[in-house]
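Sequence first, then the predicted structure, then my questions.
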Amino acid sequence: MKKNYSIFSIARNALSGHKNWPKMWRSPEPREFYDAIIIGGGGHGLGTAYYLAKEHGLKNIALIEKGWLGGGNTGRNTTIIRSNYLWDDSAHLYEHSLKLWENLSQELNYNVMFSQRGVMNLAHNEHDIKEIKRRVSANNLNGIDSEWLSKEEIQKMVPIMNTDNLRYPVLGASFQPRGGVARHDAIAWGFAMRADEMGVDIIQNCEAKQIRTKNGKIEGVETSKGFIRANKIGVVASGHTGVLAETAGIRLPLQSKPLQALVSEPIKPIINTVVMSSAVHAYVSQSDKGELVIGAGTDSYNSFTQRGGFNIIEETIRAMVELYPVFGKMKMLRQWGGIVDICPDASPIISKCDVEGLFFNCGWGTGGFKATPGSANVFAHTIAKNEPHQINAAFNLDRFASGKLVDEHGAAAVAH
Amino acid sequence: MTELKNQNSPFIHFHQKISFKFDGIKYYGYKGDTIASALFRNGIKLIGRSFKYHRPRGIYTCGIEEPNALVQIISEYSEPNVRATVKKIYEGMEVESQNRWPSLDFDIGSINNVFSPLFSAGFYYKTFMGPHKSFWKKIYEPVIRKAAGLGKPPKEFKAISSHLHHNVDIVIVGGGLNGLLAAVSLINTNYDVLLIESDNQLGGILNNSSKINEINGKRSQEWIKETIENIENSKNIKILKNTLVTTYNYINHLIAVEDKYVGAKPAEDKVNSTLHKIRTEHVILSNGHIERFLSFQNNDLPGIMLGASFEKYVCRYGVIPSKEPVIFSNNSNSNSLIQTLLELNIKPKAYIDSRSGEQIEGQLFDLIRKNDIPLYTNAQVKAAYGNKKLEKIIVEDSSGGTSEIATDFLCVSGGINPDVHLFTQSKGLLDWDEKDLTYKPSTPFQNTITLGSASGQFNLEEVENEINKKLKIFSPNKIKIKIKPSTANEYQIQKLWEVAAHKSSMWSKSFIDLQNDVTTKDIRQAISEGFDRIEHLKRFTTNSMGTDQGKISSINALGIVSDLLDKKVNEVGTTIYRPPYAPLSFAAIAGRNSYEFYDPERKSPIHQWHIKNGAVFEDVGQWKRPWYFPNSKSESMHDAVQRESKNVRENAGVLDGSTLGKIEIKGKDALNFMNLIYTNSFTKMKPGSARYALMLGEDGMVKDDGIICKISDEHFIATTTTGGAANVLACMEEYAQTEWPNLKVYMNSITEQFATFNISGPKTREIMSKVFSEIDFSNEAFPFMTFQFHEFEKTQIRIMRASFTGEMGYEIYVPASSALKIWERIHEYGKEFGLIPYGTETMHLLRAEKGYIIVGQDTDGSITPIDLGLNWMIGKNKTDFLGKRSLTRSDTVRSDRKQLVGIMPTNKEDQIQEGQHILLQETIETPVPMLGHITSSYHSPTMGHTFGLAVIKDGHSLIGTKAFASTSDQKTIPIDIVKPIFYDEKNERLVS
Amino acid sequence: MREVIRSNDVEIKTFSTHQIIIRGSGNSEFNNILNKKLKLLPPSDNLRIVSDDNHILAKMSFDQWNLIFLNDNKDFKVQKICEDFNEKASILATNFSDAQVFFQIGGNNTFYMLNKLTHFDFREKNFKAMTAAQTLVARIDCNIYRLENHMLISCNRSFADYFEDRLIDAVNF
Amino acid sequence: MLVIDCPYCGPRDQSEFSNGGEAHVKRPDGSQDISDREWGEYVFIRSNPKGLFYERWVHSHGCRKWFNCVRDTSTDEILEIYKLDDPQPPLKKFENKIKTPSGEPDVGSGNFTVKK
Ligand SMILES: Cc1cc2nc3c(=O)[nH]c(=O)nc-3n(C[C@H](O)[C@H](O)[C@H](O)COP(=O)(O)OP(=O)(O)OC[C@H]3O[C@@H](n4cnc5c(N)ncnc54)[C@H](O)[C@@H]3O)c2cc1C
Ligand SMILES: NC(=O)c1ccc[n+]([C@@H]2O[C@H](COP(=O)([O-])OP(=O)(O)OC[C@H]3O[C@@H](n4cnc5c(N)ncnc54)[C@H](O)[C@@H]3O)[C@@H](O)[C@H]2O)c1
Ligand SMILES: Cc1cc2nc3c(=O)[nH]c(=O)nc-3n(C[C@H](O)[C@H](O)[C@H](O)COP(=O)(O)O)c2cc1C
Ligand SMILES: [Zn+2]
């Protein structure tokens, strides 16, 4: 049944005490065989299933998720969305995604609350300025909205910011007006609902344990709900992708680390845009509920514990109070971590591999939420056509042998 | 309203009146009162408005678990969301209610309550999408955002907060009955013990209820006093009061925050709070339990409160919120409340228990009978009604009959939970107790011991036994304790997750999360939509996401869900308990590591001289470096740099290069080692000579550069970039230890030992000969790229002939303590030759004219030496060095990689701008293909126009062709691509 | 020695002095060379300190010894000692006299004050008298020497102002 | 924040150390004739197990010495610390030592606070 949401459907349901809403998705048991299995029910995985069904007409698809949909990094990120990346390949990928974001609520008929309040990256020294100006120039030539803001312009936009009286004064910023934030859970749920409608079997609490191959070809996947055969498998398991790849004998250049974030107690609106600073490591935006959503850093060591050291939180908070003196009296409500898979060049992998029928979408590190619809879209293409979309061609696995990296390290503000 | 005091409370100083303001009106309380207890004294019940529906809300609890009574403290820089139930009043305090407009009593936002049927769980996902997508940004979102938040943003304030680290053996969290006993058992043992209590009084339950009247034959307050004295006399135990443990991390790392101003206005110039960071071997959690509430229709009305909290107000705060409260319970925890009230001659208006008469403890039954309290067994409160405060309740008994009770106060108790937050933070596992209907600590993950209520041990007779058993591993003092409880020893409860709604309508609400306005209806809806995993349910409904994190309600929600899904509660699980236990102040977390101490400033040994001479500084990493030296207040940076540059080219200039990294390398295998670390070969290099060298990462990309001085095959001195100093040393150490442990080599950083002065310009030789008159600076005696050690006024200095500006020059290395003396001497003798100090910007300009790169500016981690045209620096005969193999990968040998070139504007008046890109076309239609970007660009005083360095695709073969450079206003200028050298291509000036 | 602060039962003085960082194998040949030169037998236990009237010699890690001169010495004399050590290819001795500044800290609240700035465990059972340690204090690298009656802390010269400010701040707040 | 028992200095707070990633990765020396791919694996690819992990640390703000350890990345528990020239301990040795069955729960199980 197609679910049609609007104020009218809500009014109708209000009359019956909201007891008769249809289920967002079914809870099917896995079948024996699928044309394609997507492992990982985060935004990227659910989106991949959605686009496979919608744009490539695949009928017999399953998505397996070991916990609950959107419970990975999709459900625990600071939701910053932007496309002002330095290198052409990255810029095209993230811009593709941003364009999809702009129509997603309408397309899914599910409000993902994409709020284009703009994203600002601060410069704190001469080196930052050089990097940022270079990036702004590249963005403009790539047709991506991006501007250089003077200190005065920043002060106007974010009056609570302390620009001068701090150890590393704010000297300017880049700004992407079309960037912003979105409701992270909604995109997972929206994709899941519409994929389910098109017949995708979404199977929760089903952990992929071992990817089985034979003669260099995919056979299927051993799961906590038994063995499932498949022609194609797309692994989109974020922090756990490396672990799964290893079961198929593929070594990926990924390291999994905890990345932390925190929210403050909710207050009335005070900051109207997203402000990021790589130099002093503080990222902040304010949610529609009123909390400050603050991104912190990763721990230095590999870990699958969804928590990190308090030192990381401390680093971020001391930068926050320095940049925003009004936050001295704010309080941290909750801190958490997610496991991000980090690639040596800080760019993702959307690629096939030596095993026929096995595809990877991973390495998004600290900044893949913004890419969710775009990554899913080109990954679906890659799986369906067995070759990359031109947008993700550069993000292949071969680059680590050839040396043709897409190195976003140099570009200030890679993260988030 | 007459003030109801419990004069017996030992914690309230009834002779010390305190005045404070709430919403502009002055009230009185007593020393020791919280805002909440003081407001009760004044008969105030309406404290705030709820988040979504703006419903009137009062005080629900008496502690940190409070979901409703959040206020703004105007007198403390307008701190928002402060719990009125914790914060103590002081003279002159100003408090304001939150989330209401124009006033608490008349709040326009409460219109939301009328539309509440539409604001069902997740309604916003399903609406605000039409008629056109632009409506979201222009209309819906601004409206939604306006409604956000509870309190108002605070005012600017740099709170003083300090940090304190502790290393101890045992931490006891919670100084209640069990915490005190645990401490007693550790008196004078060999353990360093820290006892942490969030309250300003030790004693916990002994202070908060009349459950225990006597311990070991003494009145409980007497016992506490004596016990504390014993503990304080013990050298190995330290007590921290007013300190809340918020975080229990891995390896028994605890974070606790101490409030230094309890019941007083924080001073601005003193430490307001201390963040304790504690490392310990063992943790004893004796942090007690939390009472939960009950869900029934309109269970949020002001006048409804937890039973144990009511008792705490009476016992701890000496205030009686109501003279005739009704009590509604499903368990034995409220028994002592009745006892407490009767002792004060207060008769509850009714006692309603969901249990049957037989299930109720005999002791309680007798008490109720004896005192003639109206008793409803097998009964439930179906609904509460009232306008902004409780007026009446509807009770349904076992027969299904309902009765109405008019009352202004209702105490509810839905049972108690061990406070497992910290235990689960430590990664201990919980187990559901079917008898006590709560999660209890089960398997600890770390060295964690739980005691008393915190362990789910609710039987007072068991206290002695539990402590002696669980603390045995410490060979402690044995505890002997005789507790005389006032009511039943044992805890008893009946399941009651939710009371079915009384006459249900579209508007009827039983709340499950008071702060976020989540109703049981929302829970049902979420389950029906398929959000049946507890984590989905939380995110869809926002249940337990408020500032209280569902402390009094989350278990009830689990119960409801388990019933709806027909699953055991254990199968439903819990959401994750995350730190902090209660909201933790940003200022406390930042401590003293912010503001003036955000990051250390590293200063050159002659920093003061630079200040005196008007230098403008630049941040380079932590270093402060002179950027340029304006000769007057009005001279612009551009003018200063042009002047400085010109002067160096024409006369001479000197730069303070002390921040450069310097490393001394020595050992039998030093030569071998250096050959492996750098691309260059040092084998044939003569002792006493110097060489420009490159260091690569294993990926073949340029990581650092510097000049290497060879003293002998066993002894080298290397310089590094300022920013790369630490990394280069670390990299050398790493390879020496891990890859080539057989190579005998040691290295020390000597960055701090020596100041470095780079003097250059055509007059340099004359100046140097004057400054160091004994030294022969002739070309023959001191050729380019050599160095010499000299003694100067009994200190050893090193002089190297090298240049980064393109002019002939020297680098002088002098011990830091002699730096100022020699620097001043250089200026003194250089004056007549026109010597001036110059800053980093001039250095950058001059080196760019000469085509010298700056690592990190002209390279970005994607550039090889070949890309830079520095093939000659690669030791051709070396079998190995860092990154060598990477230089022959298929991508690194491509001829069309981005390569370093020079660029000049074809029309000399055009400005080349750093960071802009090189294009093959004049017009910009995006996306336009880019060849690469301009890495450095300056206005050259020598050439009289701008020029630049750029890395562009296939650059080396494009030299001699024309292209276009973009500008920041999206136009292009024509440029010539040239060799990356603009000055003295033959190096004549260097070797002259 | 200059007094930095004396308050709240802490007394801090600062000074600079001559210092040599010696890297080597710690074998008997190495010990002999040091012993001959200094009349001090280098400690072989990690992080132990030996001293006489004029020197503190601390073993900082398995191949580094810090030699601190307590009394005033002449620059060139120290430089000479350095050069003598350096005659052996297997030893690297670096004159570090200008690279660091020292703080002498005493008083009953010494550890309390320092624990505002560092996580380091100063308890007697873990950090005995006449031992040394390298650790972070106030977020920068420091060497700590616990002598019989007081502590010495040294940090890099470029941080001297910052570190002094942090110490004063820790005493006051 | 971990506590790491430096084999030279004793137990210290993690803030004094820097992580060096996987241990026992041999650098192919220059004389070896290896393919782009093999070299790429050495430069970019490191094991990333969920569970027992051979790992390197350096006491960067202490003695500056490198050493190895075995750590369980699913619990962060450090099981053994050994010097560079000590033999690599076999993983078999540790298999049963982890205190909780799965250590840190699987991502998003939501149920891990509860004993099964
Ligand atoms: C704290 C934090 C802040 C961030 N901030 C931002 C930001 O501001 N902007 C931004 O763009 N990005 C941000 N990111 C990154 C972003 O969240 C991720 O890149 C993105 O969400 C990844 O989506 P995904 O769908 O690939 O992964 P996930 O959402 O993690 O989904 C992977 C799923 O795979 C499942 N899975 C794993 N193993 C198995 C298995 N064996 N079998 C079955 N299922 C399995 C997991 O349970 C999980 O649900 C942040 C990340 C974190 C942790
Ligand atoms: N029979 C019954 O109905 C019943 C009911 C409840 C309790 N009891 C008994 O009462 C006794 C209660 O004693 P107890 O010692 O377990 O609890 P307690 O309430 O006496 O002490 C807990 C203490 O911990 C403090 N605390 C809580 N969280 C903290 C934190 N994060 N940081 C610092 N301090 C914190 C509290 O302020 C409190 O003082 C138990 O022995 C229990 O068996 C019986
Ligand atoms: C954008 C965003 C906003 C959040 N806001 C809140 C909030 O208001 N209250 C809250 O308790 N948690 C909030 N959280 C944190 C979640 O409760 C949760 O901690 C996070 O999604 C990680 O999941 P976990 O803690 O279950 O592992 C927020 C998380 C995100 C990503
Ligand atoms: Zn060490």
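That came through, no problem. Numbering: from 1, shown residues only, chains lettered A, B, ... in the order given. Ligands and ions are numbered 1, 2, ... in the order given.

any idea of the pLDDT on the residue in chain C that ligand 3 sits nearest to?
Per Cβ to the nearest ligand atom, C:His119 is where chain C lies closest to ligand 3, at 26.7 Å. For every residue, glycine as well, the C-beta is placed using N, CA and C. Model confidence at C:His119, given as pLDDT, is 98.

Repeat that for the one 4 residues further on.
At C:Arg123, the model reports a pLDDT of 97.

separation between it and B:Asn631?
57 Å (Cβ to Cβ, to the nearest Å).

what's the answer for B:Leu337, then?
Here the distance between B:Leu337 and B:Asn631 works out to 81 Å (Cβ to Cβ).

Say whether chain D is contacted by stretch C:17-26.
No - shown here: stretch C:17-26 not in contact with chain D (Cβ under 8 Å from any Cβ of the partner chain), separated by at least 10.8 Å.

Just list whatever residues bridge to the residue in chain C that chain D sits nearest to.
Closest to chain D within chain C is C:Ser61: 3.1 Å, counting by Cβ to the nearest Cβ. Beta bridges link C:Ser61 to C:Gln64, judged by DSSP bridges.

and if you look at B:Tyr938?
Beta-bridge partners for B:Tyr938, by DSSP bridges, are B:Phe947.

Now do the same for it: its pLDDT.
98.

for it, what are its contacts?
Counting by Cβ atoms under 8 Å, 6 or more residues apart in numbering or on different chains, B:Tyr938 makes contact with B:641, B:844-845, B:848-849, B:946-948.

Please apply the same query to A:Ser115.
Going by Cβ under 8 Å, 6+ apart, A:Ser115 touches A:180-182, A:288, B:137, B:141.

What residues are bridge-paired with it?
Counting by DSSP bridges, A:Ser115 is bridged to A:Val181.

For the stretch 701-850 of chain B, which residues are neighbours of chain D?
Selection of the stretch 701-850 of chain B residues close to chain D by Cβ under 8 Å from any Cβ yields B:730, B:733-734, B:737-739, B:741.

Dump these into a markdown table; add neighbour count as well.
Formatted as a markdown table, those follow (neighbours: other Cβ atoms under 10 Å in any protein chain shown):
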| residue | neighbour count |
| --- | --- |
| B:Ala730 | 14 |
| B:Glu733 | 17 |
| B:Glu734 | 17 |
| B:Gln737 | 15 |
| B:Thr738 | 18 |
| B:Glu739 | 15 |
| B:Pro741 | 12 |
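
Go through the residues you listed and name the one nearest B:Gln363.
Closest to B:Gln363 out of these is B:Ala730 (70.5 Å), distances taken as Cβ to Cβ.

can you give me the helices in chain C?
C:28-38, C:75-86, C:110-114, C:160-172 (DSSP state H).

out of the ones you listed, nearest to A:Ala380?
Here helix C:160-172 is closest among the helices of chain C (Cβ to Cβ), at 54.3 Å.

Counting by contacts, list what that closest one packs against.
Under the contact criterion of 3 or more Cβ pairs under 8 Å, 6 or more residues apart in numbering or on different chains; DSSP states H and E, helix C:160-172 touches strand C:2-7, strand C:10-15, strand C:100-106, helix C:110-114, strand C:140-146.

Check which residues of stretch B:320-334 are buried.
B:320-323, B:325-334 (16 or more other Cβ atoms under 10 Å in any protein chain shown).

that older thread, out of the contacts of B:Tyr938, which one sits closest to ligand 2?
For the contacts of B:Tyr938, the nearest to ligand 2 is B:His844 (54.4 Å; Cβ to the nearest ligand atom).

Next one: the lengthiest helix in chain A, is it in contact with chain B?
What stands out as the longest helix in chain A, according to DSSP H, is helix A:88-108. Yes - under the criterion of Cβ under 8 Å from any Cβ, chain B is reached by helix A:88-108 at A:88, A:92, A:102-103, A:105-106.

Just want the most central residue of chain A.
A:Phe369 (1.5 Å; Cα atoms, centre = their mean).
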